[in-house]
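Chemist: my questions concern the predicted model and sequence given below.
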Amino acid sequence: MTADIHRPRPPLRLGFVGGALNSAVGYAHFVSSTLDNRFEVVAGCFSRHPDVNAEAGAAYAVAPERVHADWHTLLERERDSLDALVVLTPTPAHAPILATALDAGVPVICEKALATSHAQALHIQESVQRNGGFLAVTYNYTGYPMVRELRQLIRDGLLGQLQQIHVEMPQEGFLRTTDGELPHPQIWRLHDGTIPTVSLDLGVHAHHLVEFLSGQHVLEVVADQRCFGHFPTIIDDISCMARYSGGIRVNYWYGKTALGYRNGLRIRIFGSKASAQWLQAEPELLSIYHADGRREQVDRGSSGLRVASRPRYNRFKPGHPAGFVEAFANLYADIADLLQQRRQGQAHPQSEYVFGANSASAGLAFLEAVTASMHSHAWQPVAGQPPAQEQ
């Protein structure tokens, strides 16, 4: 059953690994997880640096004795008092934390990207299956009400047969200067592995949005990768075309050197009966263009909505825009529902909005094919099978 934000329930207990106040995502996870009183942060190892660790613990109202110096100690002392562990470290550090937590029987919520390679994701996936564990990966853009509305419109056939999808996520952070100073990305983002870090940052979101909305999976891809920014040793701009099941063609563009775009995420979906467009910069609006020439814009206050009018998406009345944190909170509410169902003994709880290791593995296989295509200058098949329903 879908979460109802107005129904009181005791909050579930979270421990954070990473996510200090100086991290890129920590405060967003803290605010969104606690927004609807579905979770509370009760313990953590927020940073390897003692002063930063203590500062975050105080800001998140965590008792000092439950702020631990390292994640090993956190798991050892808190494993029986947590409902889930939230992993917010840089992506290259995820694998050992996830493996240890899953082997200890602790449910895990992990910031994307799950891993740095397809092989690494498969090992994590095997750990989930071996332990009968719980793993949710946070792709927060799918938490926006109008994205979920669009998904349901597609499911209901309003757009007809899907033909093309164009998704782009341009940002400017690796080229824009501030008061004449060059940008200062986190050090780990300035090293590319099997998959370029820009793909782990942005490509995973783009891929997940396409599969979330279309219900189809990628078959093969042809791609180009470039460096346009101030850091010549890394890839910072990627374009590709992909062939999907269902006969869909998808165009991707994402990168960090598009001046003028703080975060220009946009998705356009073209079908035989209608097309639709959603922009993250205007998250409350969904534009629909019909074959008879009609154009409409819908928001949470429009009549005839399938999803976005539900109480859980209306913390404030339409006209009071919801945004990034609320979208994250919607996803956390879905995760909380699944964790509650597991606690109540349901053998196979499921959610149409929560995705784990299978989906993450499929995304990383796609991103590895993007890199392989750039090197081969040819279409590249994507390894693996379409992800199954996981949670």
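Modeler: Perfect, thanks for sending it. All values derive from a computational prediction rather than experimental measurement.
Chemist: use CA for all of it now, contacts and neighbours both
Modeler: OK.
Chemist: buried sites along stretch 129-141?
Modeler: Judged by neighbour count (16 or more other Cα atoms under 10 Å), stretch 129-141 contains these buried residues: 133, 134, 135, 136, 137, 138, 139, 140, 141.
Chemist: in strands only, show me those.
Modeler: The strands, defined by DSSP state E, take in 135, 136, 137, 138 from the buried residues of stretch 129-141.
Chemist: and the closest residue to the first one other than its chain neighbours, what does it touch?
Modeler: Distances taken as Cα to Cα, 6 or more residues apart in numbering put residue 108 closest to residue 135, at 4.8 Å, once the chain neighbours are dropped. If you count contacts by Cα atoms under 8 Å, 6 or more residues apart in numbering, residue 108 has them with 84, 85, 86, 87, 98, 101, 102, 134, 135, 136.
Chemist: I'd guess the fifth one is in a strand, am I close?
Modeler: Think residue 98. No - Residue 98 is assigned helix when assessed by DSSP: H, G, I helix; E, B strand; the rest coil, not a strand.
Chemist: tell me the domain ranges of this structure?
Modeler: With domains defined by automatic domain parsing, the chain comprises 12-141+353-357, 142-352+359-376.
Chemist: wait, which of these is closest to residue 384?
Modeler: With Cα to Cα as the criterion, residue 384 lies closest to domain 142-352+359-376 of the domains of the chain, at 6.9 Å.
Chemist: follow-up on the earlier one: which one of the ones in strands among the buried residues of stretch 129-141 sits closest to residue 77?
Modeler: Set against residue 77, the nearest of those by Cα to Cα is residue 135 (20.6 Å).
Chemist: on that earlier part again, distance to residue 308 and pLDDT added to the buried residues of stretch 129-141, as a markdown table?
Modeler: Supplementary listing: those in a markdown table, determined by distance: Cα to Cα, whole Å; pLDDT from 0 to 100:
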| residue | distance to residue 308 | pLDDT |
| --- | --- | --- |
| 133 | 31 | 95 |
| 134 | 27 | 97 |
| 135 | 26 | 98 |
| 136 | 23 | 98 |
| 137 | 22 | 98 |
| 138 | 20 | 98 |
| 139 | 18 | 97 |
| 140 | 16 | 96 |
| 141 | 14 | 98 |
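Chemist: can you pull out the helices in this structure?
Modeler: Under the criterion DSSP state H, the chain contains helices at 26-34, 50-59, 71-78, 94-103, 118-131, 145-155, 197-198, 204-214, 324-343, 357-376.
Chemist: let me know which of these is the nearest to residue 172.
Modeler: helix 197-198 (12.0 Å).
Chemist: pLDDT (mean, whole number) over that closest one?
Modeler: For helix 197-198, mean pLDDT is 98.
Chemist: go ahead and name everything in contact with that helix.
Modeler: 189, 190, 191, 235, 236, 237, 255, 256.
Chemist: mind listing what residue 89 touches?
Modeler: The contact partners of residue 89, by Cα under 8 Å, 6+ apart, come to 17, 18, 19.
Chemist: can you get me a residue count around the first one?
Modeler: Spelled out, it's residue 17. 27 (other Cα atoms under 10 Å).
Chemist: likewise for the last one?
Modeler: Using other Cα under 10 Å, residue 19 has 25 other residues around it.
Chemist: and the closest residue to it other than its chain neighbours, how close does it get to residue 162?
Modeler: Closest residue to residue 19 apart from its sequence neighbours, by Cα to Cα, 6+ apart: residue 26 at 3.5 Å. Separation of residue 26 from residue 162 (Cα to Cα, to the nearest Å): 37 Å.
Chemist: same question, residue 322
Modeler: In terms of Cα to Cα, residue 322 sits 28 Å off from residue 162.
Chemist: for residue 83, report the pLDDT, please.
Modeler: 98.
Chemist: same question, residue 343
Modeler: Residue 343 is given a pLDDT of 90.
Chemist: now the one 3 residues further on
Modeler: Looking at residue 346, its pLDDT reads 85.
Chemist: and residue 120, by the same measure?
Modeler: Reading off the model, residue 120 has pLDDT 97.
Chemist: isn't it up against residue 93?
Modeler: No - when contacts are counted by Cα atoms under 8 Å, residue 120 is not listed as touching residue 93 (11.5 Å).
Chemist: low-confidence stretches in this structure?
Modeler: For the chain, the stretches with pLDDT under 70 are 1-8, 385-391.
Chemist: and the residue nearest the centre of it?
Modeler: residue 139 (1.4 Å; Cα atoms, centre = their mean).
Chemist: residue contacts, residue 115?
Modeler: Residues in contact with residue 115 (Cα under 8 Å, 6+ apart) are 91, 92, 94, 95, 121, 364.
Chemist: how about 6 Å then?
Modeler: Residues counted as contacts of residue 115 (Cα atoms under 6 Å, 6 or more residues apart in numbering) are 91, 121.
Chemist: how close does it get to residue 142?
Modeler: 20 Å.
Chemist: most distant residue from the middle of this structure?
Modeler: Residue of the chain lying farthest from the centroid, by Cα atoms, centre = their mean: residue 292 (35.4 Å).
Chemist: tell me the phi and psi of it?
Modeler: The phi/psi pair for residue 292 (degrees, to the nearest 10) reads phi -90, psi 10.
Chemist: same check, this time on the one 10 residues further on
Modeler: Geometry field for residue 302 lists phi and psi as phi -70, psi 150, criterion degrees, to the nearest 10.
Chemist: what's the burial count for it?
Modeler: Neighbours around residue 302, by other Cα under 10 Å: 11.
Chemist: all numbers from here: first residue = 16
Modeler: Sounds good: first residue 16 from here, last item residue 317.
Chemist: count the neighbours of residue 327 for me.
Modeler: Residue 327: 18 neighbours (other Cα under 10 Å).
Chemist: any idea how far it is from residue 44?
Modeler: Counting by Cα to Cα, the gap from residue 327 to residue 44 is 18 Å.
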